[in-house]
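Peer 1: how would this look folded up:
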Amino acid sequence: MLLNIRDMVFMINPDDQHLYSKLFEHLKSLGIKVDYVLQDRPNGLAENLILVESYIQDSLVMYLLGDNILYGHSVWQILNEAKEEVEREEGSYIFGYSVKDPHRFGMVEFDRDGRVLSIEEKPKHPKSNFAVIGVYFFDREAVEIAKRVKPSPRGEPEITSVLEEYLREKKLKVKLLGRGYAWFDAGTHDSFLEAGEFVSTIENRTGLMIGCIEEIAYRNGWISKEQLLEIARSLIKTEYGKYLIQMLEEEYAF
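Peer 2: Numbering: from 1, shown residues only. Predicted coordinates for the structure are as follows:
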């Protein structure tokens with residue numbers, strides 16, 4: 001939302017569609033268009049690009065894995081720079097984050113000028129300590145590349161294979177997220193708990209909420225003050241609703 005992306009497609013299991021529909025039904029009131037593509041079984045991240053082909057058409061794609069949490073004061077600016085560069089020059093952008101256990105992740109190797117040299121999935125002998133996080137920008141060629149990808153030894157078309165094709169065409173770039181940023185791959189119970197504790201600490205210390213979508217929609221100009229106030233009043237018995245009211249009061253107190 002901070003990147004002014006208003007068209008969103010969720011890849012979901014058919015059995016969970018009613019849950020997601022209920023969870024995200026209010027996004028339409030925030031000026032966001034939401035749709036769902038059903039995937040009967042997990043079959044590699046590259047397949048997801050093919051399944052959303054009708055939505056992509058000639059558009060730029062931001063591909064975000066649902067269990068990734070990214071935090072930092074100017075992180076949206078880094079993402080937006082990559083987005084704008086792909087719009088101008090095409091190709092693909094990935095993001096690297098330093099980790100102490102590189103054997104668990106897909107890793108990116110790059111030279112002193114930031115040019116990508118290699119991508120390796122859970123390498124035994126890592127060539128860098130920068131993991132490829134689950135946020136990608138692709139140009140319109142992503143779908144056709146995904147269609148050409150051969151299944152990995154696991155029997156699935158991998159997103160790493162798509163990235164390798166961009167690399168062969170010298171159209172893969174990386175931006176590094178250094179000190180001051182936090183990335184959580186919240187795909188396990190422990191990592192999800194760790195991410196929750198981090199968010200709780202930041203919010204309790206600052207009094208500001210992380211990822212408050214109503215606040216973002218308001219500041220983007222997608223909804224009016226009156227619309228935000230109506231949402232806040234409907235949630236007034238919750239800390240979330242009180243936060244929205246307080247935000248409006250502080251804004252108009254100056």
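Peer 1: hey, where'd the strands end up in the stretch 1-150 of the chain?
Peer 2: Residue ranges of the strands in the stretch 1-150 of the chain, as given by DSSP state E, counting those that start in this stretch, are 7-12, 33-38, 61-64, 68-71, 92-98, 106-110, 116-121, 130-132, 135-138.
Peer 1: how about the longest one as CSV, C-alpha atoms only?
Peer 2: Taking C-alpha atoms only, strand 92-98 is exported to CSV below (Å, rounded to 0.1, in the frame of the first residue of the first chain):
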residue,chain,number,x,y,z
SER,A,92,13.8,-8.1,-12.0
TYR,A,93,14.8,-6.9,-8.5
ILE,A,94,15.5,-8.9,-5.4
PHE,A,95,16.5,-7.9,-1.9
GLY,A,96,19.3,-9.2,0.3
TYR,A,97,19.4,-9.4,4.1
SER,A,98,22.3,-10.5,6.2
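Peer 1: what lines up beside it in the sheet?
Peer 2: With DSSP bridges as the test, strand 92-98 is paired with strand 130-132 (antiparallel), strand 135-138 (antiparallel), strand 172-177 (parallel).
Peer 1: okay, the strands of the stretch 1-150 of the chain in a markdown table with mean neighbour count and mean pLDDT next?
Peer 2: Every C-beta, even on glycine, is put in place using the N, C-alpha and C of the backbone. As requested, the strands of the stretch 1-150 of the chain are exported to a markdown table (neighbours: other Cβ atoms under 10 Å; pLDDT from 0 to 100):
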| stretch | mean neighbour count | mean pLDDT |
| --- | --- | --- |
| strand 7-12 | 16 | 92 |
| strand 33-38 | 14 | 92 |
| strand 61-64 | 18 | 93 |
| strand 68-71 | 18 | 92 |
| strand 92-98 | 23 | 94 |
| strand 106-110 | 20 | 92 |
| strand 116-121 | 18 | 91 |
| strand 130-132 | 22 | 94 |
| strand 135-138 | 24 | 95 |
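Peer 1: before we move on, back to that, make JSON lines out of the strands paired with strand 92-98 and add distance to residue 190.
Peer 2: Converted to JSON lines, those look like this (distance: least, Cβ to Cβ, whole Å):
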{"stretch": "strand 130-132", "distance to residue 190": "17"}
{"stretch": "strand 135-138", "distance to residue 190": "22"}
{"stretch": "strand 172-177", "distance to residue 190": "22"}
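Peer 1: looking at these, which is closest to residue 50?
Peer 2: Nearest of the strands paired with strand 92-98 to residue 50, taken as Cβ to Cβ: strand 135-138 at 12.3 Å.
Peer 1: of the strands of the stretch 1-150 of the chain, which is nearest residue 163?
Peer 2: Closest among those, using Cβ to Cβ: strand 116-121, at 5.1 Å.
Peer 1: which residues does that closest one contact?
Peer 2: Contacts made with strand 116-121 from outside it, assessed by Cβ atoms under 8 Å, 6 or more residues apart in numbering, are listed as 94, 106-111, 126-127, 132, 158, 160, 163-164, 167, 172-174.
Peer 1: hmm, back to that, closest to residue 194 out of the strands paired with strand 92-98?
Peer 2: Across those, residue 194 has its closest neighbour in strand 130-132 (15.7 Å, Cβ to Cβ).
Peer 1: can you list contacts of the closest one?
Peer 2: With contacts defined as Cβ under 8 Å, 6+ apart, strand 130-132 is touched by 94-99, 102, 104-108, 110, 119, 163, 174, 176.
Peer 1: any idea how far the closest residue in space to residue 158 that isn't next to it in sequence lies from residue 22?
Peer 2: Excluding the flanking residues, the one nearest residue 158 by Cβ to Cβ, 6 or more residues apart in numbering is residue 152, at 4.8 Å. In this structure, residue 152 and residue 22 are separated by 35 Å, where distance is defined by Cβ to Cβ, to the nearest Å.
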